[in-house]
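1. A predicted structure for the sequence below; I have some questions about it.
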Amino acid sequence: MKSCEVNFDGLVGPTHNYGGLSFGNVASQSNSQQSSNPKEAALQGLQKMKALMDMGFVQGVLAPQERPDVAALRSLGFSGTDAQVIEQAARQAMPLLVASCSASSMWVANAATVSPSADTADGRVHFTAANLNCKYHRSIEHPTTSRVLGAMFSDGKHFAHHAALPAVAQFGDEGAANHTRFCREYGEAGVEFFVFGRSAFDPRYPAPQKYPARQTLEASQAVARLHGLKEHGVVYAQQNPAVIDAGVFHNDVIAVGNGEVLFYHEDAFLNTEQMLAELHGKLGKLGGNFQSVCVPRALVSVEDAVRSYLFNSQLLTRPDGSMLLIVPEECRANERVWQYLQGLTASGGLIREVKVFDLKQSMQNGGGPACLRLRVALNETELAAVNPGVIMTAPLYETLTQWVGKHYRDSLRETDLADPQLLLECRTALDELTQILKLGSVYPFQIN
Ligand SMILES: NCCC[C@H](NC(=O)CCC(=O)O)C(=O)O
């Protein structure tokens, strides 16, 4: 049966802003308090989705969340009408209002970890919503994420959904940003590659000193168990703590994989040789031929990788089997990275083409092309069972572009977040969106 990998991109929500909320994420911290442009952010994302669709890839869309999250503010003790809750929070605890307004659900690589049916014990596609426990503004995403994923992949015959792991740092889980899958064909059993930043229960593993390691080994292992993955189809590896301290807060800032290929930076992992050998051996037993492309630090430093987001790219298989790399504009702006990419595509290897996208609005918060998408490998029957409302088409692109034009502001600053009108704008927009995407009622304001 034919299979494909579908990229579900996060639609940027109407409250996209620069809150400086992510300690350890260099872009988020350095752009704090700048004025954002939610309309431009959403349109940049939609243009990437459209471009991939036009290239023949199956593209989906994942809805944003209700923000400000009034329910979250209520749970922190603010009370009264919705407008009063926002006004009190703005007066007494602005950082909490900012956190409850973040449009961070756009980075759907962090929404969940997904295992295709060919890898799981019960032959269904498994989803575990990520608890995103390291940052408060992200930890409030998973309940709505679960409802949205449930509305997109509702058929229990094909899709299994797991609730987020326990909400403690020991089970910190950042979803697919620390998970890659290697396979010969998308529909065949593959090797799932889990990358963690630290171990919560075993002190023998090293840990970063400056910035937090968001993903724990124990969280990755729990996800693998929940999904019913077999030991011979799983590899765990530890991120190099030094690169976390250099701003690599998720592994997808320093490595990306697709098909049989891992594209990574020389300094990305600990015990790299052993890890590569295990990947090679396990994929080999499944009939695949694991290949790796290592970018040496002599050509691209970790700092350049973090600044350009070279590895936060989408590695896509074209119909002829060769690969295409989708990179952000910041890669072209960096001379060393751009030179490396020219050499890479000219070398006659698997990666033949580089396409550049302007995603500056998201990039300024530390989210590149790969952060904006959740990959779901599906066979034909499973694809047919996906809610068709969320699959990108030319008419849907037009509708969503108009919807953004109608509802989104083109400038947002911290002080604007206290405007109760913003909540109404957001709810009006999302109510319409659930109809456009045929999601039913998924937001707190729709179900409470
Ligand atoms: N995969 C990319 C995730 C980026 C995200 N940034 C943020 O949440 C920044 C939000 C702000 O600072 O306004 C994060 O760090 O988890």
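-> Everything's here; your move. Numbers count the residues shown, from 1 in each chain.

2. Now the residue of the chain positioned farthest from its centre. Nearest residue, chain neighbours left out?
-> Ranked by distance from the centre of the chain (C-alpha atoms, centre = their mean), the top residue is residue 80, with 34.8 Å. Distances taken as C-beta to C-beta, 6 or more residues apart in numbering put residue 88 closest to residue 80, at 7.0 Å, once the chain neighbours are dropped. Every C-beta, even on glycine, is put in place using the N, C-alpha and C of the backbone.

3. Would you mind listing the residues in contact with residue 104?
-> 21, 135, 137-138, 141, 365 (C-beta atoms under 8 Å, 6 or more residues apart in numbering).

4. Neighbour-wise, give me the winner out of those.
-> residue 365 (28 neighbours; other C-beta atoms under 10 Å).

5. and the residue nearest to residue 80, which of the three is it?
-> Under DSSP: H, G, I helix; E, B strand; the rest coil, residue 88 falls in the helix class.

6. which parts of the stretch 201-350 of the chain sit against the ligand?
-> 249-250 (C-beta under 6 Å from any ligand atom).

7. all helices of the stretch 201-350 of the chain, in order?
-> For the stretch 201-350 of the chain, applying DSSP state H, counting those that start in this stretch gives helices covering 217-226, 241-245, 272-285, 302-308, 329-333, 335-346.

8. Show me the residue sitting in the middle of this protein in space.
-> Nearest to the chain centroid, counting by C-alpha atoms, centre = their mean: residue 109, 1.5 Å.

9. What residues sit buried inside stretch 312-328?
-> Buried residues in stretch 312-328, defined by neighbour count with 16 or more other C-beta atoms under 10 Å: 312-317, 323-328.

10. Between the two ends of that stretch, how far is it?
-> 8 Å (C-alpha to C-alpha, to the nearest Å).

11. is it true that the residue nearest to residue 80 touches residue 82?
-> No - with contact defined as C-beta atoms under 8 Å, residue 88 does not reach residue 82; the gap is 11.0 Å.

12. could you say which helix or strand contains the residue in the stretch 301-448 of the chain that the ligand sits nearest to?
-> Per C-beta to the nearest ligand atom, residue 371 is where the stretch 301-448 of the chain lies closest to the ligand, at 3.3 Å. According to DSSP states H and E, residue 371 maps onto no helix or strand at all.

13. Show me the contacts of residue 104 that map onto helices.
-> Counting by DSSP state H, the contacts of residue 104 place 137-138 in helices.

14. If we check the ligand, which of the contacts of residue 104 are in contact?
-> Under the cut-off given by C-beta under 6 Å from any ligand atom, the ligand has 21, 138, 365 from the contacts of residue 104 close to it.

15. Excluding chain neighbours, give the residue nearest to the last one in space.
-> Nearest-residue entry for residue 365: residue 28, 5.1 Å, with adjacent residues in sequence omitted and distances by C-beta to C-beta, 6+ apart.

16. Quickly find the element holding the one you found.
-> Secondary structure (DSSP H and E) places residue 28 in helix 26-30.

17. residues in contact with residue 265?
-> With C-beta under 8 Å, 6+ apart, residue 265 has these contacts: 243, 254-255, 294-295, 297, 300, 302, 305, 311.

18. ok, now residue 236?
-> 194-196, 217, 220-221.

19. Tell me the spacing between it and residue 375.
-> Remark: distance between residue 236 and residue 375 (C-beta to C-beta, to the nearest Å) = 19 Å.

20. Can you classify the residue farthest from the centre of the chain by secondary structure?
-> Residue 80 ends up coil, using three-state DSSP.

21. about what we covered before: go through the helix holding residue 28 and flag the buried ones.
-> So for helix 26-30, counting by 16+ other C-beta under 10 Å, buried means 26-29.

22. With stretch 338-355 instead?
-> Quick answer for stretch 338-355 (16+ other C-beta under 10 Å): 338, 340-341, 344, 350-352, 354-355.

23. Thought residue 150 was touching residue 440, still the case?
-> No - if you go by C-beta under 8 Å, residue 440 and residue 150 don't touch, sitting 9.5 Å apart.

24. Would you check how far apart residue 417 and residue 200 are?
-> Applying C-beta to C-beta to residue 417 and residue 200 gives a distance of 34 Å.

25. higher neighbour count, those two?
-> When residue 417 and residue 200 are compared on other C-beta under 10 Å, the one with more neighbours turns out to be residue 417, at 23 against 18.

26. Who are the contact partners of that one?
-> 15, 17, 68, 90, 97-98, 101.

27. Among the residues you listed, name the ones in strands.
-> Using DSSP state E, the subset of these located in strands is empty.

28. Turn those into a markdown table, including neighbour count.
-> Below are these laid out as a markdown table (neighbours: other C-beta atoms under 10 Å):
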| residue | neighbour count |
| --- | --- |
| 15 | 29 |
| 17 | 27 |
| 68 | 27 |
| 90 | 20 |
| 97 | 24 |
| 98 | 24 |
| 101 | 30 |
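
29. picking that back up, want to throw the contacts of residue 104 into TSV with distance to residue 275?
-> Below are those laid out as TSV (distance: C-beta to C-beta, whole Å):
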residue	distance to residue 275
21	32
135	28
137	32
138	27
141	30
365	30
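
30. quick check, nearest of the contacts of residue 104 to residue 114?
-> Nearest to residue 114 out of those is residue 141 (C-beta to C-beta; 15.9 Å).

31. Distance check, the residue nearest to the closest one when sequence neighbours are not counted against the ligand.
-> Among residues not flanking residue 141 along the chain, residue 105 sits closest, at 5.0 Å (C-beta to C-beta, 6+ apart). As judged by C-beta to the nearest ligand atom, to the nearest Å, residue 105 and the ligand stand 9 Å apart.

32. Contact partners for residue 387?
-> 151-154, 437-439.

33. Swap in 6 Å and give it another go.
-> For residue 387, the contact set (C-beta atoms under 6 Å, 6 or more residues apart in numbering) comprises residue 152.

34. For it, give me phi and psi.
-> Main-chain dihedrals, residue 387, degrees, to the nearest 10: phi -50, psi 110.

35. what's the most distant pair in the buried residues of stretch 312-328?
-> 317 and 328 (20.3 Å).

36. Of the buried residues of helix 26-30, which ones also sit close to the ligand?
-> Checking the buried residues of helix 26-30 against the ligand (C-beta under 6 Å from any ligand atom), the matches are residue 28.

37. What is the burial count for residue 263?
-> 22.

38. who's more crowded, residue 440 and residue 150?
-> Neighbour totals were compared for residue 440 and residue 150, and residue 150 leads with 18 against 15 (other C-beta under 10 Å).

39. Just confirm residue 126 is within a helix.
-> No - if the criterion is three-state DSSP, then residue 126 is strand and not within a helix.
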